[in-house]
Every structure is written in C-alpha cells, then in structure tokens.
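Colleague: Could you look at this predicted model? Sequence included:
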Amino acid sequence: MKKGLIIALCVLLVLGAGAGFAYYRLYSTAQDAEQMQRTIFEQYEAMLQNAEQTTLTVTENGEAVGVYTLDALGLLDATKQTIAAGFTADERMNPDIFDQKGVTEKLEWRAQTHTQPGTVRADLVRYTDERVVDDLEAMSRRRAQDAYMEFDGEKFRVVDAVQGNELELEPVRAALREAAAALTVDASAPQSVSFEVTGVSGCYAQPEITAKNTNFDFNELLQEKLADVSVKLDLNLEGQTEQNKIVTLTQAELLPLVSVKKDGSIQVDEDKLDVLIAGWKALADVSNTSFILNTYVDGPKPMGFLKVDYQLDTESLKQTLTEALTTLTFDDIRAQLLLYKNGEPYEPLTDVYVEVDIDNQKLTVYKEGEVVISTDVVTGNLNGFQTITGLYYAYNKETDQWMSGEDYLVFSKYWIGIDGAYGLHDASWRTHFGKDFYVNGGSHGCVNIPVDAMPTIFETVEVGDAIILFGKNKWFEPDPETTRILQS
C-alpha cells in the first residue's frame, strides 16, 4: 500500500514537473512574441518618423532654392499609408496593448510569418511641385538675349547671344517629379536627396538667334543706319538763296559712296565722292566777286570795294564727309570757301581786325575769330566829311596828342591811324554815340570812340592789323530824336 502510494506520488511529481516545464516554455515563447512585436512596432514607428523627415534639397547653380519635406511635396500621407500597408494590424499595435493579449494569441501570432521592414518608395499619387516652382520663379531671372548686329563707331560686329536663366518649366518639372519618385524611406535614418536645376537638360530658355544659326548681313544694317539720315550741306554760296546753297544728303546720295569691308569697317569710294564734290565745286566757285564779310550786326554783307575769288575747300569737305561716313556720325555741314586774289591765296583780315559799320555806327574788334569788344561810335559828318570806306591796315599808334583843323582843336589820349588823317580815337567831348548822330553831328572823317572803350581797342590792335570800313555813307534825314539831342 505504501509502495503504491509512493509510486503514485512520484508519478504526480513527474507530471507536475513536466507541466511546470511546459508552462515555462509557453511563458518564455509568449515573451519572445512580445519582444518580437515590440521590435517590429519600433521599426514601423521609425519608418513613419523618417518619412516625416525625408527631404528633397533643391539648388540652382549651387545656390539653395529650398528644402522640401514629403509633406511639402504632397507625398507624406500616401507614403505613410504605403508604409502601414507593409505591416499587419498586430505589428502596428501599441506594444502595451499587444502585451495584454492571451498566451495562445501571442503564440499563434509568433508562429506567423512577420514583416521584414525594407525600403519604401515615395507614393506620388498626391504629388505636387507648386512650392518648389513658386520658389524657383521668385528668384531673379534674366531673359536670354538674341545675337544682333551693331556698329561700334568704328566697325560693324556681331554681338553673340547671351544665355539667360529664364526657366523652361516643362523639363524642370518633369525632372523634379523623377527626383521625387526616387525618394525612399526605411527604418535606418531619414533620407535627403539633392536636386540641381542646372543638371536638367534644357532647363533654361535658349536664345532664338545666335551667331551660329544666323547669317548676319552688315550691308543690310548699313542701309538701315542710313535710312533716316538727312544731312544739310551748306555750300556757303554767299549772296545766294537758301534753296540754291543748301544740298540735302540722304540715303540715296550716301549709300553709293560706302560699302562694308570683311573686317566690318566702312570703306568709302573716293572716286565717287570726288565726282560728287566736283559737282558742288562747280556751283560754289566764283571769280571776281565782292568779298563777303560776316558783320557783327547784319551778318554776311558784300564789300563791293574788295573783289576776290571764292573756291570750295574740297579737301576739307572730303575729309569731313569721309569721317562722317566711316563713323556713321552725321551733322549738318557748312562748307569752307578758300579765298584767292589774282590767282593767289588771299587773307585780307588778320588774326586781329577792326570792323567799322558806318550804317549801324558800330565798331567791333575781333581776335582769332572772337569778339574782343563792340561799341557804338560816331563817324564822319555826311555833309562833306564822310569817313572813308575800304580795307586798310593800321599804320601807326600814338597817345596824348592834339588834333587841330580850321574849326576844331581837340585832345585824344589814344590814336590808331587808318589812312592819312583818318584814324580811330577817343572823343572825350562827346556824350552820345551810335544811332544817326553822325548825319549832322559827325566827325571830320575820323571814327570817334567812347573814352571807356578806347583803351581795350588800343591794347588789342597793333600796327599792320586790318581795319575794314563799310556803309552807304550817303545823306539821309536823321531821326527827329537825334536832331533834338544835337540841338540841346
């Protein structure tokens, strides 16, 4: 009896030990399941977090445009859904909730095949590039410049096309989409992909016209340059009407004179230009005509007492026109006339000369073409004491002298001799000059000059300088106002 009890007790002990071992095995396996689920869940969570931090960095010529997350590209939600689809509901379950499942459920779950997290590609179902495009278009842009012809003042040349950075959006957007499609997410770490705009073929709008795809015709541009040119050439024909003396040069006259050389510079046909100038010379040249003086008051006036020959200065005119044609710089031109007398070059007026205008009672001194002084004067009384007219040269200069005649004795501080007893001198006894005081109250033939003007004249004019005197010098009724002043 006792022996049977002992055997029974041993059997119970063996069975209990086996049950305990079996229970231990079940519990240990359940714990393994919990750990396995926790590991897979952590990988799932890591992939979700990495998806939020995965970026596309866009640059242009190395300059940052922006860094764009999957959310900014419209990819995050769909990508997270793709990640979630790769895990079962239990694998995505919070480990604390999974741990509350029964042993049997855990053992069954552990016996299943489970996810081995890999790489998930970004899902493009809701892809958008608007943020990237907006940032790209906000950057400073310059349009491509087509090649063109220009004249730089010396020669024609082709200015080649200049590449701009105005975007061609179609290829850029296509490449952006490809870059976004290449974005991936895994459990290891967030990914960052770089996208360089200039790496896209055809990313910028290209010039339509380049030096390579276009043949440029410089002669065509030359015609355009001359199309609106209108140059007035004043042949300086003194005494002629404006209609007769002005020649207008337009494209029709100028274009036959020029052509473009291989190096782009302009070549002038000298033979044709000579023929043209010869025609103008035939109009301008005149012999035995009155010398034209550009007077201070009335402008150009013929001096009938001085006969000369005028000839067009063809060399100067040719040089002026050649320079204008080769530089395409056109201004109105006044031709220069050369002066001759008896077949020889003639210069009647020296660098310093005096102009005495009897009609306007005005004396003007010039030096190197500029007016030094101009003043009212009184010339000879028209009742037999007219001032001489003609071209003379100062023959002497004196100071502090008394001048006398049958009815006068006067003192002058400055004197410049014109011819014989005729001269220029100050007249301290006069209070009025100019107008027509000379008609009845004029001098005995000399040119009376205000005291304050005479020192400048005396200092400027030297012996040998020209003095040209002109005017009608004929009797006429004076202004009543002048008569009133003389009588007073």
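Modeller: Yep, that arrived.
Colleague: Low-confidence ranges, the stretch 1-150 of the chain, go.
Modeller: For the stretch 1-150 of the chain, the stretches with pLDDT under 70 are 1-25.
Colleague: which residues does the residue nearest the centre of the chain contact?
Modeller: By CA atoms, centre = their mean, the chain has its centre lying nearest to Asp152, at 12.7 Å. Residues near Asp152 by CB atoms under 8 Å, 6 or more residues apart in numbering: none. In short, each C-beta sits where N, CA and C put it, glycine included.
Colleague: any idea how far Val260 is from it?
Modeller: Distance, Asp152 to Val260, by CB to CB, to the nearest Å: 13 Å.
Colleague: Could you give the number of residues near Gln81?
Modeller: If you count neighbours by other CB atoms under 10 Å, Gln81 ends up with 11.
Colleague: if we can go back for a sec, now do the phi/psi pair for the residue nearest to the centre of the chain.
Modeller: With angles defined as degrees, to the nearest 10, Asp152 sits at phi -90, psi 10.
Colleague: any idea how far Lys397 is from it?
Modeller: To Lys397, Asp152 is 56 Å away according to CB to CB.
Colleague: how close does the residue lying closest to Ala161 once chain neighbours are set aside sit to Gly264?
Modeller: Nearest in space to Ala161, with sequence neighbours left out and distances taken as CB to CB, 6 or more residues apart in numbering, is Pro207 at 3.6 Å. Distance, Pro207 to Gly264, using CB to CB: 21 Å.
Colleague: who has more neighbours, these two?
Modeller: Ranked by neighbour count (other CB under 10 Å), Pro207 and Gly264 place Pro207 first, with 18 against 15.
Colleague: helix/strand/coil for that one?
Modeller: What DSSP: H, G, I helix; E, B strand; the rest coil gives for Pro207 is coil.
Colleague: Could you do the one 4 residues further on as well?
Modeller: Following three-state DSSP, we place Ala211 in the coil state.
Colleague: hang on, it packs against Ala147?
Modeller: Yes: using CB atoms under 8 Å, Ala211 makes contact with Ala147 at a distance of 5.0 Å.
Colleague: Return every residue with contacts to both of these two.
Modeller: Contacts common to Ala211 and Ala147, judged by CB under 8 Å, 6+ apart, are 158, 160-161.
Colleague: Of those residues, grab the buried ones for PyMOL.
Modeller: Buried subset of the shared contacts of Ala211 and Ala147, written as a PyMOL selection, criterion 16 or more other CB atoms under 10 Å:
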select buried, resi 158+161
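Colleague: can you give me the helices in this protein?
Modeller: In the chain, the segments counted as helices under DSSP state H are 2-53, 76-85, 95-98, 103-111, 130-138, 169-181, 218-227, 242-245, 251-254, 270-284, 314-327, 438-441, 454-460, 480-487.
Colleague: out of Ala211 and Ala147, which sits in the more crowded spot?
Modeller: In this view Ala211 and Ala147 are compared by other CB under 10 Å, and Ala147 has more residues nearby, 18 against 14.
Colleague: Distance of the more buried one relative to Gln206?
Modeller: From Ala147 across to Gln206, the span is 12 Å (CB to CB).
Colleague: Likewise for Ala189?
Modeller: For Ala189, the distance to Gln206 equals 41 Å [CB to CB].
Colleague: more neighbours, those two?
Modeller: Counted by other CB under 10 Å, Ala189 and Gln206 do not tie: Gln206 has more neighbours, with 13 against 10.
Colleague: tally of neighbours for the nearest residue to that one once chain neighbours are set aside?
Modeller: Leaving out its chain neighbours, the residue that sits closest to Gln206 by CB to CB, 6+ apart is Ala144, at 6.1 Å. Ala144: 17 surrounding residues under other CB under 10 Å.
Colleague: same check, this time on Gln35
Modeller: Using other CB under 10 Å, the number of residues around Gln35 comes to 12.
Colleague: Contact partners for it?
Modeller: Gln35 neighbours (CB under 8 Å, 6+ apart): none.
Colleague: Now do it against Ser28, distance only.
Modeller: From Gln35 over to Ser28 the distance is 11 Å, taken as CB to CB.
Colleague: Also Lys281?
Modeller: As for Lys281, its distance to Ser28 is 126 Å (criterion: CB to CB).
Colleague: Of these two, give the one with the bigger neighbour count.
Modeller: For Lys281 versus Ser28, the count of surrounding residues by other CB under 10 Å is larger for Lys281: 17 against 10.
Colleague: pretty sure that one is touching Tyr310, no?
Modeller: No: proximity of Lys281 to Tyr310 does not meet the contact threshold set by CB under 8 Å, at 10.7 Å.
Colleague: Low-confidence regions, the stretch 151-300 of the chain specifically.
Modeller: Counting by pLDDT under 70, the stretch 151-300 of the chain has low-confidence residues at 238-244.
Colleague: returning to that earlier point: and the residue nearest to Gln206, what does it touch?
Modeller: 161-164, 166, 204-207.
Colleague: for these, which one is nearest Gln386?
Modeller: Val162 (77.3 Å; CB to CB).
Colleague: hey, what's the closest one bridged with?
Modeller: With DSSP bridges applied, Val162 shows beta-bridge pairing to Gln145.
Colleague: Dihedrals phi and psi, Leu235?
Modeller: phi -70, psi 0.
Colleague: Run a quick neighbour tally on it.
Modeller: If you count neighbours by other CB under 10 Å, Leu235 ends up with 20.
Colleague: Same check on Leu409?
Modeller: Neighbours of Leu409 (other CB under 10 Å): 8.
Colleague: is it true that it touches Trp402?
Modeller: Yes: between Leu409 and Trp402 there is a contact at 6.6 Å, judged by CB under 8 Å.
Colleague: Determine the longest strand present in the protein.
Modeller: strand 299-312 (DSSP state E).
Colleague: Other residues contacting that strand?
Modeller: Residues outside strand 299-312 that contact it (CB under 8 Å, 6+ apart): 235, 238-239, 277, 280-281, 284-295, 335-341, 343, 346, 348, 389-391, 468, 470.
Colleague: Now that we have these, which of them are buried?
Modeller: Judged by 16+ other CB under 10 Å, buried ones among the contacts of strand 299-312: 235, 238, 277, 280-281, 284-286, 290-293, 295, 335, 337-339, 348, 389, 391, 468, 470.
Colleague: how near is Asp419 to Val365?
Modeller: Per CB to CB, Asp419 is found 18 Å from Val365.
Colleague: re earlier: now do the contacts for the residue nearest to Ala161.
Modeller: The neighbours of Pro207, taking CB under 8 Å, 6+ apart as the test, are 144-147, 161-164.
Colleague: now Ala147
Modeller: Residues in contact with Ala147 (CB under 8 Å, 6+ apart) are 158-161, 207, 209-211, 214, 216.
Colleague: Excluding residues flanking it in the chain, which one is nearest it?
Modeller: Nearest non-adjacent residue to Ala147, counting by CB to CB, 6+ apart: Ala161, 4.3 Å away.
Colleague: Can you give me the distance of the one you found to Ala138?
Modeller: Distance of Ala161 to Ala138, given as CB to CB: 26 Å.
Colleague: quick one on the thing from earlier: the residue nearest to Gln206 and Glu208, how far apart?
Modeller: Counting by CB to CB, the gap from Ala144 to Glu208 is 8 Å.
Colleague: same deal with Asn473?
Modeller: When Asn473 is compared with Glu208 (using CB to CB), they lie 77 Å apart.
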